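Participant: what's the 3D shape of this:
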Amino acid sequence: MRAVFKADRAETRGGDSISDWWLEPRTKGPNVNAHDEDHVFYVIAGTVSLQVDGEQLDLPQGGYALVPGGAPHTLENRGTVRAGFISFNSPGGCEEKMPDIAAALSAEDLRL
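Facilitator: Have a look, this model is predicted:
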């Protein structure tokens with residue numbers, strides 16, 4: 001999984017963090033997690049399988065979903081092509097957690 005932050009809390013006066021994320025085929029994202037920020041996921045390539053509060057959503061290119069703050073969620077790419085999405089987080093600040101998230105992900109087997 002790869003992420004590039006396009007705008008962070010400092011650049012949006014605290015309002016948002018905007019990033020794009022890429023998952024290789026047949027890989028999963030972080031374990032189920034929840035946090036205070038709202039997320040909007042907008043799929044730009046492939047299909048992203050998103051689980052929100054126990055509900056499974058398969059979002060094709062152009063699809064989107066809102067993950068309200070506090071909702072348990074996870075995601076994965078079950079497909080055979082790379083999948084990408086843009087994540088809008090409000091309020092911003094999730095980028096400050098990336099070192100801890102990266103360390104946790106590196107300890108997991110992310111293959112499906």
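Participant: and the most centrally placed residue in the chain, which of the three is it?
Facilitator: For the chain, the residue nearest the mean C-alpha position is Ser87 (5.9 Å; CA atoms, centre = their mean). Following DSSP: H, G, I helix; E, B strand; the rest coil, the label given to Ser87 is strand.
Participant: I figured it hits Trp21, correct?
Facilitator: Yes - the criterion here is CB atoms under 8 Å, and Ser87 meets it with Trp21 at 6.0 Å. Heads up, the C-betas are built off the backbone N, CA and C, glycines and all.
Participant: ok, the nearest residue to Gly29 once chain neighbours are set aside - contacts?
Facilitator: Sequence neighbours aside, Leu75 is the residue nearest to Gly29 in space, at 4.2 Å (criterion: CB to CB, 6 or more residues apart in numbering). By CB atoms under 8 Å, 6 or more residues apart in numbering, the residues touching Leu75 are 23, 28-29, 41, 48-51.
Participant: same question, Ala34
Facilitator: When contacts are counted by CB under 8 Å, 6+ apart, Ala34 touches 70-73.
Participant: need those in JSON lines with distance to Gly79 and secondary structure, can you?
Facilitator: Formatted as JSON lines, the contacts of Ala34 follow (distance: CB to CB, whole Å; DSSP: H, G, I helix; E, B strand; the rest coil):
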{"residue": "Gly70", "distance to Gly79": "29", "secondary structure": "coil"}
{"residue": "Ala71", "distance to Gly79": "24", "secondary structure": "coil"}
{"residue": "Pro72", "distance to Gly79": "23", "secondary structure": "coil"}
{"residue": "His73", "distance to Gly79": "19", "secondary structure": "strand"}
